[in-house]
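Undergrad: next comes the sequence, and after it the predicted model I'd like to discuss.
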Protein chains: 2
Amino acid sequence: MELHEPELRDVPVTAVLAALADDVRLRIVRALADGAGERACGTFELDVSKATRSHHLKVLREAGLTRTRVAGTTRYVRLRRDELDRLYPGLLNAVLAEPTGAPADL
Amino acid sequence: MELHEPELRDVPVTAVLAALADDVRLRIVRALADGAGERACGTFELDVSKATRSHHLKVLREAGLTRTRVAGTTRYVRLRRDELDRLYPGLLNAVLAEPTGAPADL
DNA sequence: GAGGATGTTCGACGTAAGTCGAACAACGGT
DNA sequence: ACCGTTGTTCGACTTACGTCGAACATCCTC
C-alpha cells in the first residue's frame, strides 16, 4: 500500500486550492484543524457514502494537505498544518475562519 | 448592463477558492496584483480565446474577487484587494506567492 | 478460520466546468 | 453611415468531478 503523499512544494497552488474548494473536504479540514491531533477516517460527520469519503480523503492527501498513518485496518489522518503555514502563510487560517454559510461578523 | 458584483461576505469560501483554483484565472489575478491599478480586459497575456477570457473574468467577478468599470467599449478590471485582505487575511498573499510551477525556495 | 469492521477500488452515472467559433451589441473614429 | 475594436452571449463539445453501490482487501477478535 503506497500512500501517495507528495511534497507540498511539488503540488501546484491550483491543486491545493481546488482541494479546498469543496464543501465536504472543507468540513474535513476544519474538523482536523479543530481537533488537536489526528483522527480516524471514519469519524467525520459527513453526509456521504464511505466511497465518497474515501475519495475526498484521497484528494486531500494527494494535494499535500493531509498525512495518513495506517494502523491495522483503520487510518489516521492529520493536517499538515506546519508545512502549509510555512509555504502558504495565512491560507489555512483564512479558509478555516468562515463557518460555511454564515457570514463573518465585521 | 448589470455587472453582477456580489458582496464578498455573501460568497461562500468554496466559491472564492474555486475561482482561484484555475491556472488562467490565477494568471489574471497575479497580473492584477502586480500592476498597481486597474487593467483593460484585453491586456492579459492568456492563451485562450476571447470568449474564454470573458468567461474567466466573469467567474472572478461573480466570486467577488474583482470589480469592473465600464468605459465606452472597454472594461477595466481591478482586484478587490482590500476587501479580500480584510475578510480572508493572508489568502491573496499566499496564493500570489508561488510563480506557477516553480517551487518556492525554502 | 469465520465473521465483522474499516477502508479502498472499480465501474457507472449525472452534472458542472473549460474551451471554442460564431453571432451579437456598443462604442469610436474617419 | 460604415467599419474596426472591444467584449459578451450562445450553443456545442469534451473533459473533469462528485456521487454511489458493489466488490474487494486487511486486519482483529472469538
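TA: Alright, I've got the coordinates. What you see is a predicted model; the values in this text were computed from it and never measured.
Undergrad: anything in stretch A:24-41 near DNA strand D?
TA: Yes. Stretch A:24-41 lies within reach of DNA strand D by C-beta under 7 Å from any atom of the strand, at residue A:24. No exception for glycine: its C-beta is placed from N, CA and C like everyone else's.
Undergrad: that stretch near chain B anywhere?
TA: Yes. Stretch A:24-41 reaches chain B (C-beta under 8 Å from any C-beta of the partner chain) through residue A:26.
Undergrad: how about stretch A:39-54: buried residues?
TA: For stretch A:39-54, the neighbour count (16 or more other C-beta atoms under 10 Å in any protein chain shown) marks A:39, A:44, A:53 as buried.
Undergrad: doesn't residue A:27 make contact with the second one?
TA: Yes. Counting by C-beta atoms under 8 Å, residue A:44 does reach residue A:27; the two are 7.2 Å apart.
Undergrad: tell me how many other residues crowd residue A:75.
TA: Residues lying near residue A:75 (other C-beta atoms under 10 Å in any protein chain shown) number 19.
Undergrad: which residue comes closest to residue A:11 once chain neighbours are left out?
TA: residue A:64 (4.3 Å; C-beta to C-beta, 6 or more residues apart in numbering or on different chains).
Undergrad: residue A:65: what's it in contact with?
TA: Counting by C-beta atoms under 8 Å, 6 or more residues apart in numbering or on different chains, residue A:65 makes contact with A:16, A:19, A:20, A:29, A:79, A:80, A:84.
Undergrad: what about 6 Å?
TA: Neighbouring residues of residue A:65 by C-beta atoms under 6 Å, 6 or more residues apart in numbering or on different chains: residue A:19.
Undergrad: where's it relative to residue A:15, distance?
TA: 10 Å (C-beta to C-beta, to the nearest Å).
Undergrad: assign the residue most central in space within chain A to one of the three secondary structure states.
TA: For chain A, residue A:29 is the residue whose C-alpha lies nearest the centre (C-alpha atoms, centre = their mean; 3.9 Å). Assigned by DSSP: H, G, I helix; E, B strand; the rest coil, the conformation of residue A:29 is helix.
Undergrad: got any ranges where chain A has weak pLDDT?
TA: Applying pLDDT under 70 to chain A flags residues A:1-2, A:98-106.
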